[in-house]
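**Student:** Next one to model:
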Amino acid sequence: MSARRAIGIVFAALIAVFVAGSVVTVVVVRNQLLHTVDRDLDVGLDLNLQVFNQFDTIDEFADITVTASETSTIIVTPSGDVDLVLPAGPAVDPYPLPDLPPSRIIDNVGEFFNADGTDDGPNYRVTVGELDDGRFLALSRPLDDVRSTLEALSRVLL
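**Tutor:** You can find the predicted model right below:
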């Protein structure tokens, strides 16, 4: 075997190891970022379930001033009627809502899942809980930060 060929094989092996390591790094970082978003959504879901369970009707809740939030909130009835929609983002310029038909909310209680945004909005991470009265509360958080972090990491590794 010639020295040139041996160097080529070693170089190709190093590139393969680097590419594999880069892919693993991006996947691990993505999973960790999603885990952090999931943990935040889980805490938010617990708090929101406690708050919304205090009100007999959505109209009672509507009297409270709602400020900007990192999460959007959607409440649907067991029959699929939408009772409440609070978008994420600043109150004066909220983010587009996630694409969450009521059936998807009802079918995913206790799960974390991704949803596309509407109107060219961001993708979302979503979790769903059930209120004491049988309605379903979906919290969703935009994944812009996760996407931008992964893009920056990919650029650095490239």
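
**Student:** so how far is stretch 105-114 from its chain's centroid?
**Tutor:** 12 Å (Cα atoms, centre = their mean, to the nearest Å).

**Student:** Enumerate the positions of that stretch that are buried.
**Tutor:** 105-106, 108, 112 (16 or more other Cβ atoms under 10 Å). Using the backbone N, CA and C atoms, a C-beta is placed for each residue, glycine as well.

**Student:** do the same with stretch 87-103
**Tutor:** For stretch 87-103, by 16+ other Cβ under 10 Å, it's 87-89, 94-98, 100, 102.

**Student:** Would you check which pair of those lies furthest apart?
**Tutor:** 89 and 102 (21.9 Å; Cβ to Cβ).

**Student:** Tell me the helix or strand right after the least confident helix or strand in the chain by mean pLDDT.
**Tutor:** Within the chain, no helix or strand scores below helix 58-62, which has a mean of 63 by mean pLDDT, DSSP states H and E. Following helix 58-62 in sequence order, the next helix or strand is strand 72-76 (DSSP states H and E).
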